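**Q** sequence unavailable; structure follows:
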């Protein structure tokens, strides 16, 4: 919701502002993708670096567990961000969401 609001403001300011916003969001997404969280590209790079240092492949089951754990972390983070975004729009904030979260 916040991205939509900011995008609308940028669009109303002109095409150049809107284009800069899209470029900024794209750049930030690329940077976040390089974080060493399994499931993201940075996590795969970290696994490759670890394998290069120890000079052998990690167990395939361990790699799968790491990637699934990273994926679960990312999904949890996205759910929190979406709930936080929704809470910002509600009059009582998080208090409005608490009955639904129990």
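**A** Nice, I can see it. Note that the structure is a prediction, hence the values are computed from the model and not measured.
**Q** residues of the helix ranked longest in the chain that come out buried?
**A** Determined from DSSP state H, the single longest helix within the chain is helix 60-89. Neighbour counts over helix 60-89 (16 or more other CB atoms under 10 Å) mark 63, 66, 67, 70, 74 as buried. (Each C-beta comes from the backbone N, C-alpha and C, glycine too.)
**Q** and these as a markdown table, adding pLDDT and distance to residue 47?
**A** What follows is those, written out as a markdown table (pLDDT from 0 to 100; distance: CB to CB, whole Å):
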| residue | pLDDT | distance to residue 47 |
| --- | --- | --- |
| 63 | 93 | 6 |
| 66 | 92 | 7 |
| 67 | 91 | 9 |
| 70 | 93 | 10 |
| 74 | 94 | 16 |
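**Q** among those, which one lies nearest to residue 11?
**A** Closest approach to residue 11 among the buried residues of helix 60-89 (CB to CB): residue 74, at 28.9 Å.
**Q** surely the closest one meets residue 37?
**A** Yes. Counting by CB atoms under 8 Å, residue 74 sits close enough to residue 37 to count as a contact (6.8 Å).
**Q** got any ranges where this structure has weak pLDDT?
**A** Residues of the chain meeting the criterion pLDDT under 70: 97, 100-102.
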